[in-house]
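> this one's sequence-less:
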(Lines give C-alpha, C1' and ligand atoms only; values in the text may rest on other atoms or scores of the structure.)
Protein backbone atom coordinates (compact mmCIF):
# COMPACT_ATOMS: atom_id res chain seq x y z
CA UNK A 1 0.00 0.00 0.00
CA UNK A 2 1.07 3.58 -0.15
CA UNK A 3 3.06 5.01 2.61
CA UNK A 4 2.02 8.18 4.34
CA UNK A 5 4.48 11.02 4.03
CA UNK A 6 4.89 14.08 6.11
CA UNK A 7 5.62 16.27 3.06
CA UNK A 8 3.09 19.01 2.34
CA UNK A 9 0.61 18.27 -0.44
CA UNK A 10 1.48 19.42 -3.99
CA UNK A 11 0.28 22.92 -4.74
CA UNK A 12 -2.53 23.08 -7.30
CA UNK A 13 -1.91 25.43 -10.25
CA UNK A 14 -3.78 28.71 -10.15
CA UNK A 15 -7.08 28.59 -12.02
CA UNK A 16 -7.10 30.37 -15.40
CA UNK A 17 -9.08 33.59 -15.14
CA UNK A 18 -9.41 36.66 -17.32
CA UNK A 19 -6.61 38.31 -15.30
CA UNK A 20 -4.11 35.49 -15.90
CA UNK A 21 -1.01 36.64 -17.76
CA UNK A 22 -0.79 34.55 -20.90
CA UNK A 23 1.85 35.88 -23.30
CA UNK A 24 4.19 38.93 -23.47
CA UNK A 25 2.76 40.30 -20.24
CA UNK A 26 -0.75 40.51 -21.71
CA UNK A 27 -3.71 39.23 -19.78
CA UNK A 28 -6.10 36.64 -21.22
CA UNK A 29 -8.87 39.17 -21.92
CA UNK A 30 -6.41 41.41 -23.78
CA UNK A 31 -5.20 38.54 -25.97
CA UNK A 32 -8.79 37.52 -26.78
CA UNK A 33 -9.68 41.16 -27.57
CA UNK A 34 -6.71 41.61 -29.93
CA UNK A 35 -7.53 38.35 -31.68
CA UNK A 36 -11.21 39.32 -32.04
CA UNK A 37 -10.32 42.74 -33.49
CA UNK A 38 -7.95 41.10 -35.98
CA UNK A 39 -10.59 38.60 -37.11
CA UNK A 40 -13.20 41.35 -37.42
CA UNK A 41 -10.80 43.50 -39.48
CA UNK A 42 -10.12 40.59 -41.85
CA UNK A 43 -13.84 39.94 -42.32
CA UNK A 44 -14.61 43.61 -42.97
CA UNK A 45 -11.73 43.88 -45.44
CA UNK A 46 -12.86 40.80 -47.35
CA UNK A 47 -16.43 42.09 -47.47
CA UNK A 48 -15.22 45.41 -48.86
CA UNK A 49 -13.02 43.80 -51.50
CA UNK A 50 -15.53 41.16 -52.57
CA UNK A 51 -19.21 41.92 -52.77
CA UNK A 52 -20.23 39.10 -50.48
CA UNK A 53 -23.25 40.72 -48.86
CA UNK A 54 -26.04 38.20 -48.49
CA UNK A 55 -29.29 39.46 -50.02
CA UNK A 56 -31.94 39.87 -47.38
CA UNK A 57 -35.16 39.42 -49.31
CA UNK A 58 -36.49 37.13 -51.96
CA UNK A 59 -37.12 40.18 -54.13
CA UNK A 60 -33.41 41.08 -54.06
CA UNK A 61 -32.44 37.50 -54.92
CA UNK A 62 -34.82 37.46 -57.90
CA UNK A 63 -33.60 40.89 -59.04
CA UNK A 64 -29.98 39.72 -59.00
CA UNK A 65 -30.90 36.59 -60.95
CA UNK A 66 -32.72 38.68 -63.58
CA UNK A 67 -29.74 41.04 -63.79
CA UNK A 68 -27.34 38.13 -64.35
CA UNK A 69 -29.60 36.66 -67.05
CA UNK A 70 -29.89 40.02 -68.83
CA UNK A 71 -26.10 40.47 -68.74
CA UNK A 72 -25.61 36.97 -70.12
CA UNK A 73 -28.09 37.57 -72.96
CA UNK A 74 -26.42 40.89 -73.77
CA UNK A 75 -22.98 39.26 -73.88
CA UNK A 76 -24.32 36.49 -76.13
CA UNK A 77 -25.76 39.06 -78.56
CA UNK A 78 -22.49 41.00 -78.59
CA UNK A 79 -20.70 37.83 -79.68
CA UNK A 80 -22.92 37.69 -82.80
CA UNK A 81 -22.06 41.24 -83.93
CA UNK A 82 -19.31 41.22 -86.57
CA UNK A 83 -16.12 43.20 -85.98
CA UNK A 84 -16.18 46.86 -86.97
CA UNK A 85 -13.84 46.43 -89.94
CA UNK A 86 -16.14 43.80 -91.45
CA UNK A 87 -19.25 45.97 -91.36
CA UNK A 88 -20.45 47.34 -94.68
CA UNK A 89 -19.91 50.98 -95.47
CA UNK A 90 -22.74 53.47 -95.04
CA UNK A 91 -24.42 54.42 -98.35
CA UNK A 92 -23.63 58.00 -99.37
CA UNK A 93 -20.73 58.28 -96.94
CA UNK A 94 -17.41 59.69 -98.10
CA UNK A 95 -14.56 57.24 -98.54
CA UNK A 96 -12.16 57.14 -95.64
CA UNK A 97 -9.22 58.52 -97.67
CA UNK A 98 -11.07 61.75 -98.43
CA UNK A 99 -12.02 62.14 -94.79
CA UNK A 100 -8.39 61.84 -93.71
CA UNK A 101 -7.40 64.69 -96.00
CA UNK A 102 -10.17 66.95 -94.74
CA UNK A 103 -9.71 66.18 -91.06
CA UNK A 104 -7.24 68.30 -89.14
CA UNK A 105 -6.05 66.58 -85.95
CA UNK A 106 -5.26 69.67 -83.86
CA UNK A 107 -6.44 73.23 -83.32
CA UNK A 108 -3.07 74.56 -84.44
CA UNK A 109 -3.50 72.56 -87.65
CA UNK A 110 -6.86 74.26 -88.26
CA UNK A 111 -5.31 77.69 -87.67
CA UNK A 112 -2.44 76.88 -90.04
CA UNK A 113 -4.92 75.64 -92.62
CA UNK A 114 -7.01 78.81 -92.34
CA UNK A 115 -3.90 80.99 -92.59
CA UNK A 116 -2.88 79.06 -95.67
CA UNK A 117 -6.22 79.84 -97.31
CA UNK A 118 -6.02 83.52 -96.32
CA UNK A 119 -2.43 83.75 -97.55
CA UNK A 120 -3.41 82.29 -100.88
CA UNK A 121 -6.23 84.90 -101.21
CA UNK A 122 -3.83 87.69 -100.22
CA UNK A 123 -1.28 86.49 -102.73
CA UNK A 124 -3.96 86.50 -105.47
CA UNK A 125 -4.87 90.11 -104.60
CA UNK A 126 -1.23 91.13 -104.66
CA UNK A 127 -0.74 89.38 -107.98
CA UNK A 128 -3.79 91.20 -109.39
CA UNK A 129 -2.52 94.57 -108.16
CA UNK A 130 0.88 94.11 -109.78
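The structure has been received and is ready for your questions. In this text the structure is predicted, and so the values were computed from the model without any measurement.

> What are the buried residues along stretch 30-41?
For stretch 30-41, burial by neighbour count (16 or more other CB atoms under 10 Å) applies to residue 30. (Glycine included, C-beta is placed from N, CA and C.)

> Do me a favour and average the pLDDT over that stretch.
Rounded to a whole number, the mean pLDDT of stretch 30-41 is 94.

> Name the residues that touch that stretch?
Contact with stretch 30-41 is made by 22-23, 26, as judged by CB atoms under 8 Å, 6 or more residues apart in numbering.

> Now render the residues you listed as TSV, adding pLDDT.
Listed next are the contacts of stretch 30-41 as TSV, based on pLDDT from 0 to 100:
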residue	pLDDT
22	78
23	80
26	85
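
> Give me the buried subset of those residues.
Burial by neighbour count, judged by 16+ other CB under 10 Å, picks out nothing from those.

> I'd like to know which helix or strand in the chain has the lowest mean pLDDT.
Using mean pLDDT, DSSP states H and E, the weakest-scoring helix or strand in the chain turns out to be helix 96-102, at a mean of 52.

> on that earlier part again, just the contacts of stretch 30-41: which are in strands?
By the criterion of DSSP state E, membership of the contacts of stretch 30-41 in strands covers 22-23, 26.
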